[in-house]
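Enquirer: got a sequence here, can you model it:
(2 chains)
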Amino acid sequence: MTTESELANHTVPINKIPKYYVDSVIRVLVIRRGSITPYKNSKHEGTYRTIILVDEEGIKIQATLFNKHIETWKDFLKPNKSYYIAKGRYDRVNPNYSSVHKEVELAFTDNTVIKETDHEVSTQNFSDGFLSLDAVDNLPNGSILDLIYILVSVNPIIQNATSKRREIVVTNELMEPTIVTLWGDFAENDGAFLDKLKDDKPILCLCDGVSIYKGRFGISTIPVSSVLINPIFQKAIDLRAWREIIEADNKDITVAPTKAMRRAIEVPLDHILDGLLPESQDSMYKFKATIVDILNKDEPWYFSGKTCRKKVKVIEEAAACTNCNIDNVEYAMRYCLRLEVCGGEKCTRVVLFEAANNLLGCNVQEYIQSTSIKKEECHYYRKLVLSKDKQFNFLVRIDLTDSNPHRSLIAEEIHQLEDQAPVILEEEVRSMRKYRKRAKKTTNAAAQFNQKKPKVAKD
DNA sequence: CCCCCCCC
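Expert: Have a look, this model is predicted:
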């Protein structure tokens, strides 16, 4: 059974596979191919690679390649390609671990047949399950989620001895920028790829992600998640059309306040400095204040060790970290902008790390590069200097249980008061039909609609 | 035969 028509004749949906029956054929789309990972425990040693597959009904199954099978199938099971898989073994899922299917997982044997096919698996049913970011609020913490959103920005990877993580900012049609944390090889591989793509603001889907502590840590990947980049189904095309319209109106989706900022309790600066704060579930507070001085406007950055992010001393390319006690640590530039701000009767110092991106309008590498010659003419530098005497909203995290609070506040986010994010009415946003109509007239999304014969959006 | 759900 190796010809395409034979395979096609025996194909069944994943959910119709008889228990432990090895002669079922499935036709599946690869939505994730994990990196090759070594393992070693008391009984076994080797390498494995996880593959996530989805069939035409939108049912997912996790497959694992071990050892020699990784090499055997190295040119197969590539993301976004469709395959027939015959003579796989369907094992029961270990209930101790999450998987993308409740009951079965696919294992490869020496007899397994994999054949690439041009008969692509339709993602129509699969895409029905993807939710917008605002739907997360209505789900319990720890729910497994399938989300669709627009990439706004990609932060550098943060790694230590035991973990790798990377935060990305994504948004939706309600302009709700939200942080998604990528872990492990999602941070490393998918994250690096997204970093290159980010200026295109691609549409992304997160399959089987999780929302941990609602609001506070937001959404993150788990080991069985998948990240789809620029999928071609209707929901993604609609979201892209919306993005193009927003951009055509010269609204910048990257500057809207995040959910954390919107939800934070607003307090007068005096109350923060005097420790007179109401209880807040996620310790986030916001206050209005005017920037009265920029304390380090000539060099608002430092060399930051990649392990602990503390300041490192760089002498002839080698960076020594006194915090980690390493002589030669990897490092990168990081913003550290110190401001004097006043609100009400009181003034205080505020430090911006990543939030400086927001104020200056570019990342630290770009800032350093563009201010290295003729700084006074640099747009970003001028933006910084001109922020003086203007009023901003600051978002800070304050741990009420900390008996020794720091004197300078760390702002997680900053937004100038006059140019608050564009307010978009929910009804307007929800009317995808309207966007589609406008998109047809005004943007090159029209080309995609005409190609793809849109189905009527359910809503 | 793997199996990490982690963070200011």
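Enquirer: drop to CA atoms for contacts and neighbour counts, all remaining ones
Expert: Noted.
Enquirer: mind showing which ranges of the stretch 351-459 of chain A have poor pLDDT?
Expert: Of all residues in the stretch 351-459 of chain A, those with pLDDT under 70 make up the ranges A:403-407, A:419-459.
Enquirer: tell me where it has helices.
Expert: According to DSSP state H, counting those that start in this stretch, the stretch 351-459 of chain A carries its helices in the segments A:356-360, A:364-371, A:379-386, A:426-430, A:432-442, A:445-452.
Enquirer: using PDB, write out every CA atom in the first one.
Expert: When you say that, I think you mean helix A:356-360. Listed in PDB are the C-alpha atoms of helix A:356-360, where the atom choice follows Å, rounded to 0.1, in the frame of the first residue of the first chain:
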ATOM      1  CA  ALA A 356      12.000  52.700  26.600                       C
ATOM      2  CA  ASN A 357      11.200  51.100  23.200                       C
ATOM      3  CA  ASN A 358       7.800  52.600  23.600                       C
ATOM      4  CA  LEU A 359       9.000  56.100  24.400                       C
ATOM      5  CA  LEU A 360      11.700  56.300  21.800                       C
END
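Enquirer: shaky segments in chain A?
Expert: Going by pLDDT under 70, which is the cut-off in play, chain A has low-confidence ranges at A:1, A:20-22, A:213-217, A:403-407, A:419-459.
Enquirer: buried ones in stretch A:9-17?
Expert: A:Thr11, A:Val12, A:Pro13, A:Ile14, A:Ile17 (16 or more other C-alpha atoms under 10 Å).
Enquirer: just stretch A:96-103 next, same as before
Expert: Going by neighbour count (16+ other C-alpha under 10 Å), the buried part of stretch A:96-103 is A:Ser99, A:Val100.
Enquirer: check whether it comes near DNA strand B.
Expert: Yes - contact of stretch A:96-103 with DNA strand B (C-alpha under 7 Å from any atom of the strand) involves A:Tyr97, A:Ser98.
Enquirer: give me the distance between the nearest residue to A:Lys259 once chain neighbours are set aside and A:Asp134.
Expert: By the measure of C-alpha to C-alpha, 6 or more residues apart in numbering, the closest residue to A:Lys259 outside its immediate chain neighbours is A:Glu176, 5.8 Å from it. Applying C-alpha to C-alpha, to the nearest Å, the value for A:Glu176 to A:Asp134 is 8 Å.
Enquirer: who's more crowded, these two?
Expert: Neighbour count, other C-alpha atoms under 10 Å: between A:Glu176 and A:Asp134, A:Glu176 has more, with 22 against 17.
Enquirer: please name the residues that touch A:Gly346.
Expert: You called it Gly, but residue A:346 is Lys. Contact partners of A:Lys346, counting by C-alpha atoms under 8 Å, 6 or more residues apart in numbering, are A:Leu269, A:Asp270.
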